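Visitor: structure for this input, please:
(chains A and B)
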Amino acid sequence: MIQKLPAKKMVVTGDYAAAYGALLCDVDVVAAYPITPQTLIVEEFSNFVNDGITDAEFIMVESEHSAMSACIAAQAAGARTYTATASQGLALMHEMLFIASALRLPIVMPVVNRTVAAPIGIWCEHNDSMPQRDTGWIQMACEDNQEVLDMIIMAYKIGERKDVLLPVMPCLDAFILSHTVEPVDAPSSDEVADFIGKYEPHAMLDPDNPMAIGTFTPPEYIQELRYQNHVAMENAKKAIKEVTKEFADEFGRDYHGLIEEYKCDDAEVVLITVGTVTGTAREVVDKLRQQGKKVGLIKLRFYRPFPREELRSIAENVEAIGVYDRAISYGSGGPLFIETRNALYGMDVPVLNFLAGLGGRDVVTGDVEKMYEILMKAKDSKPDKEIYWIGTRGVSI
Amino acid sequence: MLKEIIFYGRGGQGAVTAANLLASAALKSGNKGVQAFPFFGAERRGAPVKAFARISNEEIFLRSQIREPDIVVVLDTGIMDVIDVTQGLKENGTILLNTPRNPSELSLPYKTATVDATTIAIENEILVGGIPVVNTPMVGALIRLLDGVKLEALQEAVMERFKGRAGEKNANAVKVAYEKVKL
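Guide: Prediction:
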C-alpha cells in the first residue's frame, strides 16, 4: 500500500521519474543490486520505502541475476514487482529474463541504456538492451522523462492484460534522460490505481495449495508453449495501441501506440529514430521543413513487438528510409536497421542505416542533418552503400 | 526564446545543483521548456565540472549538449587558467564570474557581470566542511541576467531543495546575490 499522493508537477531526472512511476503503481516487491552500473532508480525507490510512503518490500540481493530471480519468485507468488538495471547488470540477468517471460510474469523493469564493457563506459548505448531481443520481453524506448513515468504506468497495464501476460522493459538513455532534470506531470495515486487496476495473477504460488511451475518439460509440450509466447507478443501490439489510447483519454498525453509519425504526411524521405535522438531530430525536421524539404520522422517506440505493419504502410509512400541505430551487430548492421529491412521485405524502397552516438557520443543537430542529406540523395540515385558511420574518426561517409 | 547556459565549477561546488535549481525556478516562473543536465563525465571532487541548462517559453526537444551558450557562469575563476570558459560563447553572450572585482576591471571581450558569491556564502554560513558553497548565490546573481525567472520562484526552489535552516540561509544568500550582482 502507498500513501495517497496528489497529482503534481515536478522537475526531476529520468531516474526519479522511473522510481516515482513504480511508486504510483503501488508495487509490492522491489529487488535490486545497488552498485554501478545501477542507476539512482532503485536508490530513489528505497527512499520512498524508508520514508514510509510505501510499505513495499525492498530486497537487497547479491547480484542482478538474483534481483531478477527474486522478482520472478515474488511475482509468481502474486506480487506486483519492479526492478531496474543497466548494461553489465542486464547482461548478467540475461538467463533469468527468459524465465520471467516463459512463466508469463508481467514484471516491469526500466533499463537505463549504458555501454557494455569493454572498454568500461557508463554512457548511452543500446548494446545492452537490444541483445535481449529474443528473451520474450516487451521492449520499448522513451524520448523524455514524462514518457518514462507514463510508460511505467502503461507497462503494468499492458503486461498484466490477460491476452498478454508478459514482462515489460521500458528503456531510457543514460544521462540524457537518467541524469537530466525536466518537467514531469505526475498523476495522483488514485488516478493511477483506477487506470491500472488490481493485479490479478493467473497462477499463484501458495503454501496451502502447493504447485510447481517451470519444471522439467519434455518435447511433447514445449513447442506449444513457444507458440503461445509468440501469440502473446503479437497480442501485445493490440494491447499497446489500446492502452496508449486509454492513457491519452485519461491523462491527455497521446503516445500513438507502437510508433509516432512526425510530419510524415507528404514526406519523400523519413528517418526512423529511437530514444532521445528523436527530440533532436524533431528540431532538424522543423528546420528542413522551413526550407521546403519534404522530410518526416518516425519515432520507433517498440522494438518488441516490432511495428512491422505500421512501417510497411509508411514505406509505401516514401522514396527512401533511414534507420538510426545506437548499437551495432558486428558483421551485419544496426539492430533496428536489420529489423526494419526485414519488415519491409519485398518493398522497393532503399533503406539506409545511420550509426551515431555509440559509447555515449553526443548526437547533435548537424549529425541528423547529415542523415537527411544522405537520404535526399538516395531518393534520386541508388546509394553506393547501406551503412553510414556518422561522425566517426577515420571513416569517410 | 531559448536561453542556453553553461555552469563551470569544480566537483563539490554544486554546479549541477545550481543548474537544477535554475530549472525548477524557471518552471515555477511559468517557462514551458526547462532542462538541466551535467556534463556526462566521471565525477571527482575538485576536478573541473560543467553543467548545462536550457530555458524557453516553448517546449524543448533538443537533447544535445550545449556548444554555443548565451551565458556562462563561472563558480571558481581558478579554472579559467586551465579551461577556456568562453569557448563557443555567443558574440553578444554574457559571462558571470564569482569575484569581488568589478566587471570594468576585468576588461573581457564579452559582456561581463560579477558577484562576490564566496563572501556572500561565508556571511550566510553556507559552508560544507568549512568550505563556502557558492552555487546558490551564483544562481541568485544569474537570474538578474535572465528574463522570466523570478527571485521568489528561485527562493522557493531553494527551500524545497534544502530543508529547514539550511534552506533559509541559502534563500537569503540568493536574495543578497540577486541584489549585489554588478552588471
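Visitor: excluding chain neighbours, what is closest to residue A:382?
Guide: For residue A:382, ignoring the flanking residues on the chain, the nearest one in space by CB to CB, 6 or more residues apart in numbering or on different chains is residue A:350 at 7.1 Å. Using the backbone N, CA and C atoms, a C-beta is placed for each residue, glycine as well.
Visitor: would you mind measuring from the residue of chain A positioned farthest from its centre to residue A:272?
Guide: Distance to the chain centre peaks in chain A at residue A:208, reaching 37.7 Å (criterion: CA atoms, centre = their mean). In this structure, residue A:208 lies at 51 Å from residue A:272, with CB to CB, to the nearest Å as the measure.
Visitor: then residue A:260?
Guide: Using CB to CB, we find residue A:260 at a distance of 11 Å from residue A:272.
Visitor: could you tell me which residues touch both of these two?
Guide: Jointly contacting residue A:260 and residue A:272 under the rule CB atoms under 8 Å, 6 or more residues apart in numbering or on different chains are residue A:298.
Visitor: more neighbours, the two?
Guide: Here residue A:260 and residue A:272 are compared on neighbour count by other CB atoms under 10 Å in any protein chain shown; more neighbours surround residue A:272, at 27 against 17.
Visitor: off-centre distance for stretch B:68-77?
Guide: The chain centre lies 8 Å from the centre of stretch B:68-77; the measure is CA atoms, centre = their mean, to the nearest Å.
Visitor: ok, now stretch A:258-267?
Guide: In terms of CA atoms, centre = their mean, the gap separating the centre of stretch A:258-267 from the centre of its chain is 20 Å.
Visitor: pull the residues that contact the longest helix that chain B contains.
Guide: Longest helix in chain B, counting residues (DSSP state H): helix B:164-180. The contact list for helix B:164-180, computed with CB under 8 Å, 6+ apart, reads B:115-117, B:120-121, B:123-126, B:136-141, B:143-144, B:151, B:154-155, B:158-162.
Visitor: among these, which ones are buried?
Guide: By the neighbour-count criterion of 16 or more other CB atoms under 10 Å in any protein chain shown, the contacts of helix B:164-180 include these buried positions: B:115-117, B:120-121, B:124, B:126, B:136-141, B:143-144, B:151, B:154-155, B:158-159, B:161-162.
Visitor: in strands, which of those residues fall?
Guide: Here DSSP state E is the test, and these give residue B:115 as lying in strands.
Visitor: confidence score at the nearest residue to residue A:361 once chain neighbours are set aside?
Guide: Spatially, and ignoring its direct neighbours in sequence, residue A:361 is nearest to residue A:391 (6.9 Å; CB to CB, 6+ apart). You'll see residue A:391 listed with a pLDDT of 94.
Visitor: name the SS class of residue A:391, please.
Guide: Each residue gets one of three states, and residue A:391 gets coil by DSSP: H, G, I helix; E, B strand; the rest coil.
Visitor: what segments of chain B are helices?
Guide: Residue ranges of the helices in chain B, as given by DSSP H, are B:15-28, B:103-106, B:117-123, B:135-142, B:151-161, B:164-180.
Visitor: output the fourth one in PDB with nothing but the alpha carbons.
Guide: Extracted C-alpha coordinates of helix B:135-142, given in PDB (Å, rounded to 0.1, in the frame of the first residue of the first chain):
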ATOM      1  CA  ASN B 135      26.200  27.600  -6.100                       C
ATOM      2  CA  THR B 136      23.000  29.200  -4.600                       C
ATOM      3  CA  PRO B 137      24.300  32.800  -4.600                       C
ATOM      4  CA  MET B 138      25.600  32.300  -8.200                       C
ATOM      5  CA  VAL B 139      22.100  31.300  -9.400                       C
ATOM      6  CA  GLY B 140      20.700  34.300  -7.500                       C
ATOM      7  CA  ALA B 141      23.000  36.600  -9.500                       C
ATOM      8  CA  LEU B 142      22.300  34.700 -12.700                       C
END
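Visitor: that helix and chain A in contact?
Guide: No. Using CB under 8 Å from any CB of the partner chain, helix B:135-142 stays clear of chain A, with a minimum separation of 13.8 Å.
Visitor: ok and the residue in the stretch 201-350 of chain A nearest chain B?
Guide: residue A:279 (4.0 Å; CB to the nearest CB).
Visitor: my guess is that residue contacts residue A:146, does it?
Guide: No. With contacts defined as CB atoms under 8 Å, residue A:279 does not count as touching residue A:146, sitting 11.5 Å away.
Visitor: could you list the domains of chain A?
Guide: Structural domains assigned to chain A are A:8-251, A:259-389, following automatic domain parsing.
Visitor: make a markdown table out of the ones you listed and add distance to residue B:81.
Guide: As requested, the domains of chain A are exported to a markdown table (distance: least, CB to CB, whole Å):
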| stretch | distance to residue B:81 |
| --- | --- |
| domain A:8-251 | 28 |
| domain A:259-389 | 26 |
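Visitor: how about the residues of chain B by chain A?
Guide: Counting by CB under 8 Å from any CB, the residues of chain B close to chain A are B:20, B:23-24, B:27, B:32, B:34-38, B:40, B:42, B:60-65, B:67.
Visitor: buried subset of these as a ChimeraX selection?
Guide: Remark: buried members of the residues of chain B next to chain A, expressed as a ChimeraX selection using 16+ other CB under 10 Å:
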select /B:20,23,24,27,34,35,36,37,38,40,60,61,62,63,64,65
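Visitor: quick one: contacts for the residue nearest to the spatial centre of chain A?
Guide: For chain A, the residue whose C-alpha lies nearest the mean C-alpha position (CA atoms, centre = their mean) is residue A:140; its distance is 2.2 Å. The contact partners of residue A:140, by CB under 8 Å, 6+ apart, come to A:151, A:168, A:169, A:170, A:171, A:301, A:302, A:303.
Visitor: turn the residues you listed into CSV, including pLDDT and neighbour count.
Guide: Written out in CSV, the entries for the contacts of residue A:140 read as follows (pLDDT from 0 to 100; neighbours: other CB atoms under 10 Å in any protein chain shown):
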residue, pLDDT, neighbour count
A:151, 98, 27
A:168, 98, 27
A:169, 98, 25
A:170, 98, 26
A:171, 98, 27
A:301, 98, 24
A:302, 98, 19
A:303, 98, 24
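Visitor: which of those fall in strands?
Guide: Using DSSP E, A:168, A:169, A:170, A:171, A:302, A:303 are the members of these that sit in strands.
Visitor: coming back round to it: a strand runs through the residue nearest to the centre of chain A, doesn't it?
Guide: Yes. Applying three-state DSSP, one finds residue A:140 inside a strand.
Visitor: which residues touch the nearest residue to it once chain neighbours are set aside?
Guide: For residue A:140, the nearest residue in space outside its immediate sequence neighbours is residue A:302; the separation is 4.6 Å by CB to CB, 6+ apart. Taking CB under 8 Å, 6+ apart, we find residue A:302 in contact with A:138, A:139, A:140, A:240, A:258, A:259.
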